[in-house]
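J.: Sharing a model that was predicted from the sequence below.
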Amino acid sequence: MPSFIAIDPVTRLEGHLRVDVTIDLVNGKSQVVDAHATGTLFRGFEQMLANRDPWDAPHLTQRVCGVCPTPHGMAAVMALDKAANKTPPANGRILRNFVLGANFVQSHILHFYHLAALDYMGGPAMPPWTPGWEVDRRIPAATTATLIEHYTTALKMTRQAQEMGAVFAGRLPHSPAYIPGGFTDVPTSAQIAKARTYLTALVAFIRDVYIPDVELLASVYPDYASVGRGYGNLIAFGVFDLDTAGAKKLLRAGRAANGATGVQALNVASITEHVTNSWYDNTTNNLNPASGLTKPVYPKDTKAYSWLKSPRYDNQPYEAGPLARMWVNGDYTRGISVMDRHRARALEALKIGNAMLGWLIELKVGQPVYSAYTTPTTASGIGLTEAPRGALGHWVRIANKKIANYQIVTPTCWNASPRDTANQLGPIEKALIGTSIIDATKPIEVVRVIHSYDPCLSCAVHVARPGDQDAITVLTV
């Protein structure tokens, strides 16, 4: 008899994600044979932005998420810059990059040590180590003790990454420094020196501690190099402009289909959002975000099971994230799996940290950071960038100098999307299929696959109805 398991909520990620899996015997082995990922809350930012001053967008959209707000600020100002045909001065571009890079570094360290590593190792008999499933623990006690020390050190490193970004951003999270036309802070020598001190320590930690710890985990759990592949389709919007025109990026845009190492160009017009299995009006199904609408319908029908839409490229599901970026950029093509996602994320953190050291050298003390910006009366713009968790896009349409329509496509909507109009599973759902399970009452393997994507439901969903009961984990065997 198959076992039906609901993990609600999945813990150690941002926001509220429910995952239902069906476990059955396949060739004598217990494994996942079906999966549904559900975003359980509604995000209403598109509605909040309607009829507002476009300058509100960078500030309001950063409130989509407290973990990765900076990418939303970046995507918003990029969309507004495009709408007005405006580019920031070199200093403005570099400072935007640097603060965004600080967010990436902070998020990657946080993800491995504080969200994902606990799936593989025990710890003291206290939260956050308890409660937990004591299953498939392979790391020796002495090594576990070292990793716990690194866990504590990583807390300090994540704080320092935030403080580093705030040197120029004023504060993190939710920096007010991202504005149309550039940035608000004019760099000083003292600021650059202070940021460099922070960054030098962070790069050393990534190089000497973080990456070796990921490789240690990979050596103890080699089977996870062949678990959680999914479709093998990878997409990246590109991030960190290295020139004024944005033609050259630290991590380029592109896509790869079914694990191919050959990278194909990205056509924004090929992106659509499906809502057949989402709680949105079916009249908005399969639209490009430029003409997309967010019209919630709840309850809808028996097919719908998530507040996430289903972004698709050429009607195909694509995975976004550090692995996708590093693959598209040619920096990592070892494989597509749970452990490859961890490896690519760690290596990307070092790549970005080293690039940030170079950006500090490029900054010109006292030089302009802002080009005068006038909101166009009527215009449209697209801001494509990357959040730590993957491809992020903002689409804005301006009429009478007000926001007429705004659409946000987040990384977790790519990764944790429900089935689309063609009934294709979302990337996380697909990656779970075939995962072997040791103990159906403690499906740690399911959680390991989910955490490798580092889903962030804060950016995918947002509004709760008062009076709802607290969610609990339900295991039905």
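T.: Yes, it's here.

J.: Go through stretch 228-243 and flag the buried ones.
T.: 228-242 (16 or more other CB atoms under 10 Å). C-beta coordinates here come from the backbone N, C-alpha and C atoms, glycine included.

J.: Could you do stretch 299-319 as well?
T.: 300, 304-313, 316-319.

J.: And for stretch 345-360?
T.: Buried residues in stretch 345-360, counted by 16+ other CB under 10 Å: 345-353, 355-356, 359-360.

J.: coming back round to it: ok, of the buried residues of stretch 228-243, which one's closest to residue 136?
T.: Ranked by distance to residue 136 (CB to CB), the buried residues of stretch 228-243 are led by residue 228 at 14.8 Å.

J.: Show me the two of the buried residues of stretch 299-319 that sit farthest apart.
T.: 300 and 319 (26.5 Å).

J.: biggest helix in this protein by residues?
T.: helix 141-169 (DSSP state H).

J.: Give me the distance from stretch 189-203 to the chain's centre.
T.: Its chain's C-alpha centre and that of stretch 189-203 lie 26 Å apart, by CA atoms, centre = their mean, to the nearest Å.

J.: Check what contacts it and list those residues.
T.: Outside of stretch 189-203, the residues within contact range by CB atoms under 8 Å, 6 or more residues apart in numbering are 98, 105, 157, 160-161, 163-164, 167-168, 185, 350, 353-354, 356-357, 360, 363, 365.

J.: Tell me the pLDDT of residue 324.
T.: Looking at residue 324, its pLDDT is 98.

J.: residue contacts, the residue nearest to it when sequence neighbours are not counted?
T.: Distances taken as CB to CB, 6 or more residues apart in numbering put residue 234 closest to residue 324, at 3.8 Å, once the chain neighbours are dropped. Taking CB under 8 Å, 6+ apart, we find residue 234 in contact with 255-256, 259, 318-320, 323-324, 327-328, 336.

J.: which residues does residue 234 bridge with?
T.: Beta-bridge partners recorded for residue 234 (DSSP bridges): residue 256, residue 319.

J.: for the protein, which spans come out with low pLDDT?
T.: Within the chain, the segments meeting pLDDT under 70 span 459-477.

J.: Over to residue 392: give its phi and psi.
T.: As for residue 392, its main-chain torsions (degrees, to the nearest 10) stand at phi -130, psi 130.

J.: pretty sure it contacts residue 385?
T.: Yes - with contacts counted by CB atoms under 8 Å, residue 392 reaches residue 385, the gap being 5.6 Å.

J.: list residues touching both of these two?
T.: Between them, residue 392 and residue 385 share the contacting residues 71, 75, 237, judged by CB under 8 Å, 6+ apart.

J.: From these, pick the one nearest residue 401.
T.: Among those, and counting by CB to CB, the member closest to residue 401 is residue 75, at 20.5 Å.

J.: Check the burial of the closest one by counting its neighbours.
T.: 30 (other CB atoms under 10 Å).

J.: Same check on the one 10 residues further on?
T.: Under the neighbour criterion other CB under 10 Å, residue 85 is assigned a count of 9.

J.: And the helices in the stretch 151-300 of the chain, which stretches?
T.: 189-205, 211-220 (DSSP state H, counting those that start in this stretch).

J.: Give me the angle between the shortest one and helix 189-205.
T.: Going back to what we said before, that points to helix 211-220. Using axes from the mean of the first three to the mean of the last three CA atoms, to 10 degrees, the inter-axis angle of helix 211-220 relative to helix 189-205 is 20 degrees.

J.: Buried ones in helix 211-220, by neighbour count?
T.: By neighbour count with 16+ other CB under 10 Å, helix 211-220 contains the buried residues 211, 213-214, 217-218.

J.: Perfect, that will be all.
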